[in-house]
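Undergrad: no sequence on this one, just coordinates:
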């Protein structure tokens, strides 16, 4: 029996949960390096074009934002997903919503992430993420 979808579901849930700082909880962004391939890319299509990062440059400002009090009670969760698996490659179309308090004001949004994954030494890893907030 192929357990790939369940393993991918768990990985994606852990990815979203790593940024959760609700109720004073410390985000677990340090756990993210084990979820990604060594040269993974992360990109966002925004109003001014494409912003691109490696994992380290993506995490540093988010860790600060999630721990310095600027962004409180942040929670992002998947509302819909479709995953296609072909042997040791997978692609996930993930729709999400998010909610928080940003600098004292209510903040909410949603968007789409396209997540590419590959199985490395028997474990699913994220090789790239491309997203757009709407």
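TA: Great, that's in hand. Just so it is clear, the model here is predicted, and its values are computed rather than measured. Residues are numbered from 1 along each chain as shown.
Undergrad: need the helices for this protein, in chain order.
TA: 4-17, 55-67 (DSSP state H).
Undergrad: Outside of the shortest one itself, which residues are in contact with it?
TA: Looking back up the chat, that one is helix 55-67. Contact with helix 55-67 is made by 19, 21, 26, 27, 29, 32, 33, 36, 40, 42, 71, 74, as judged by CB atoms under 8 Å, 6 or more residues apart in numbering. For every residue, glycine as well, the C-beta is placed using N, CA and C.
Undergrad: how close does the residue nearest to the first one when sequence neighbours are not counted get to residue 17?
TA: The shortest distance from residue 19 to any residue that is not its chain neighbour, by CB to CB, 6 or more residues apart in numbering, is 5.4 Å, and that residue is residue 27. For residue 27, the distance to residue 17 (CB to CB, to the nearest Å) stands at 9 Å.
Undergrad: Would you map the strands across the protein?
TA: 36-46, 49-54, 71-86, 89-102, 105-120, 123-133 (DSSP state E).
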